[in-house]
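Trainee: Here is a sequence with its predicted model. Questions after.
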Amino acid sequence: MCEAVGKKVRALHRTKIGEISVKSLKIGEWRYLKEEEIEKIIS
């Protein structure tokens with residue numbers, strides 16, 4: 001995402017948003033949000 005706008009990332013801190021954690025993801029890995037995760041974010 002940063003590279004797309006011409007920015008370099010020096011460091012990236014993996015964290016969580018609300019109850020959504022990224023601990024189980026490996027570097028460079030991603031996943032779609034579950035329906036219940038989306039509901040928690042938008043409600």
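Mentor: Here it is on my side, so go on.
Trainee: where do the helices sit along the protein?
Mentor: Secondary structure of the chain (DSSP state H): helices at 35-42.
Trainee: so who does the most centrally placed residue in it touch?
Mentor: The residue lying closest to the centre of the chain (CA atoms, centre = their mean) is residue 22, at 6.6 Å. By CB atoms under 8 Å, 6 or more residues apart in numbering, the contact set of residue 22 is 14-16. Yep, even glycine has a C-beta here, placed from its N, CA and C like the rest.
Trainee: What is the nearest of those to residue 33?
Mentor: Using CB to CB, residue 16 is the member of the contacts of residue 22 that lies nearest residue 33, at 12.5 Å.
Trainee: Grab the nearest non-local neighbour of the closest one.
Mentor: Nearest non-adjacent residue to residue 16, counting by CB to CB, 6 or more residues apart in numbering: residue 22, 6.3 Å away.
Trainee: Which pLDDT value does the model give the residue of the chain most remote from its centre?
Mentor: Within the chain, residue 6 marks the point farthest from the mean C-alpha position, 19.8 Å out by CA atoms, centre = their mean. With respect to pLDDT, residue 6 scores 92.
Trainee: mind listing what residue 23 touches?
Mentor: Residue 23 is in contact with 14, 16, counting by CB under 8 Å, 6+ apart.
Trainee: mind checking how far it is from residue 4?
Mentor: Distance, residue 23 to residue 4, using CB to CB, to the nearest Å: 26 Å.
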